[in-house]
Structures are given as structure tokens and as C-alpha cells.
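Quick one: sequence and predicted model below, then my questions.
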Amino acid sequence: MSERAGRPSDLAKREAILDVASRRFMEDGYAATSIEQIAADAGVSKVTIYSHFGDKRGLFTVAVERECEKIRTAFTLDDMPAGSIRERLQAIGEAIAAFLSRPEMIRFDRRIAAETEHDPAIGQAFLKAGPWRMKSAFSAFLAHATSAGELCISDPDLAAEQFAAMTKGMGDLEQRFGSPRDAETDHRRIAGAVDVFLAAYAPDGRMKGPGRPR
């Protein structure tokens, strides 16, 4: 996969390609999306797409990475929301829930799961470009919070998985089977996930929320 930097016009074409590719992959899935279709919608040639991304899978990978960047910025130190560790974890949990509950993301997950049955490499490309990169970013955040004395975590990768699983709860599964999102339920679920997470990983091992035992 090529990611050569180019002139402003080249960069504009690259962004236009990614805009179209993200929408097409989300709406139609990987198998039903063609390079020809993306090129026509973006107003570029197939050669331009190949020169920027190498092939369809390369384009898919970058498109997924670009979508997931919308949530990964919540884990970077420069873009981290201000406040206590509780407030930051709550904000991250809310960002995860909002991102995963987008209708286009739910459709995309369904299509990728179906296509993976026929081509396991598609599932691997999705995991590498999206969930695994997001887990790595969140794990790095947890490791930094531990080094700053805000948390006490010996295995940030495991803790990242635990927090994500509690944040999604049954709501993520229910939405993928047609139930509408309940934002208030999501908020309470995430607050509870933060409570449990801090009970396990706060330096003094105690809950720190309003009304919680000291």
C-alpha cells in the first residue's frame, strides 16, 4: 500500500477518494464496492487510486483507519478531554458508544462479518485497521495514566479489553439485532463501567464517585 505525500492537488484527490470509499464500504460492504465505482464517484481514474493505495484492500484499510481515527483521538494525550480520570473515562466510554451505535457502522459490521465467512482476510484487515489499533491507543492511555499515578494497572491491554466490554454491554449486541439505541441506558451503563473499572484499578482500590463509600 502506497501512502506517498504529494502536491496539494494530489492530497485533495486522496481525501476525495477516501470520502467516497468510506461511504461506499460503509453502505455497500467490501465485496459490493468496486474500484471503478469509487473512481467514478470521486472523479478520478483507477490509476490514481492504485497509485495512492496500491489495491482495493489497501484502500479499504486506510478508509477504516480514517473512520476509527474519529474515536482514537479521544485516547491521545493532545486531544484528551480535561478533568479527573473518572471524567475522562466517562468521556471515552461515551465516545465509544456513540461511534459504535452509528447506523452506518452497524451496517458495516454486519456486512464485514458476512463477507469474512467467504474471505477471512477481510476480517483480519478490518481488525488490524480498526479495533486492534483502537485497543492499542486506549492501552497506551491507560499505561500513561498508571505512570501518572491515576491508575494502578499491570496489564493495560487486558484492562483496555475489560473497559471496552463493559462499556458496550448488551447494548451493542442489541443494536446489531435491530433494537434502537437508548442513550440514557448507555450513559448509565458507561457510568457503571467506570465505577467497576476504578474499583479494580484506582490506586487505593476504592470507588471515588459521588455517594460511593470511601
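Okay, I see it. Everything numeric here is computed off the predicted structure, so don't read it as measured data.

from the chain's centre, how far out does the helix or strand containing Arg88 sit?
Using DSSP states H and E, Arg88 sits in helix 85-100. Its chain's C-alpha centre and that of helix 85-100 lie 12 Å apart, by C-alpha atoms, centre = their mean, to the nearest Å.

Show me the domain layout of this protein.
Using automatic domain parsing, the domain ranges for the chain come out as 1-69, 81-208.

The residue sitting nearest the centre point of the chain and Met134, how far apart?
Compute the mean C-alpha point of the chain, and by C-alpha atoms, centre = their mean the closest residue is Cys68, 4.0 Å away. Counting by C-beta to C-beta, to the nearest Å, the gap from Cys68 to Met134 is 6 Å. Where you see a C-beta, it was placed from the backbone N, CA and C, and this is true even at glycine.

before we move on, what about Met166?
Taking C-beta to C-beta, one finds Met166 at 16 Å from Met134.

hey, least reliable of the domains of the chain by pLDDT?
Note on the domains of the chain: lowest mean pLDDT is at domain 1-69, with a mean of 85.

starting at the chain centroid, how far to it?
19 Å.

what do you get for stretch 123-137?
8 Å.

Between its first and last residues, how far does it reach?
The first and final residues of stretch 123-137 sit 20 Å from each other (C-alpha to C-alpha, to the nearest Å).

Equivalent analysis for stretch 140-158, please.
Using C-alpha to C-alpha, the end-to-end distance of stretch 140-158 comes to 12 Å.

List the buried residues for that stretch?
Ala140, Phe141, Leu142, Ala143, Ala145, Thr146, Glu150, Leu151, Ile153, Pro156 (16 or more other C-beta atoms under 10 Å).

Any chance of a markdown table for these, columns secondary structure and distance to Gly43?
Shown next, in a markdown table, are the buried residues of stretch 140-158 (DSSP: H, G, I helix; E, B strand; the rest coil; distance: C-beta to C-beta, whole Å):
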| residue | secondary structure | distance to Gly43 |
| --- | --- | --- |
| Ala140 | helix | 38 |
| Phe141 | helix | 39 |
| Leu142 | helix | 43 |
| Ala143 | helix | 44 |
| Ala145 | helix | 45 |
| Thr146 | helix | 48 |
| Glu150 | coil | 48 |
| Leu151 | coil | 48 |
| Ile153 | coil | 48 |
| Pro156 | helix | 44 |
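
which of those residues sit farthest apart?
Spatially, the most separated pair among the buried residues of stretch 140-158 is Ala140 and Glu150, at 14.1 Å (C-beta to C-beta).

List the contacts of the residue lying closest to the residue nearest to the centre of the chain once chain neighbours are set aside.
The shortest distance from Cys68 to any non-neighbouring residue, by C-beta to C-beta, 6 or more residues apart in numbering, is to Gly130 (4.5 Å). Residues near Gly130 by C-beta atoms under 8 Å, 6 or more residues apart in numbering: Val64, Glu65, Glu67, Cys68.

Filter these down to the buried ones and hand me the ChimeraX line.
Command for ChimeraX, covering only those of those found buried under the criterion 16+ other C-beta under 10 Å:
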select :64,65,67,68
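
Quickly check the contacts of Gly130 for the two that are furthest apart.
Using C-beta to C-beta, the contacts of Gly130 span at most 7.4 Å, a distance reached by Glu65 and Glu67.

Name the SS class of Tyr30, please.
Secondary structure for Tyr30, judged by DSSP: H, G, I helix; E, B strand; the rest coil, is coil.
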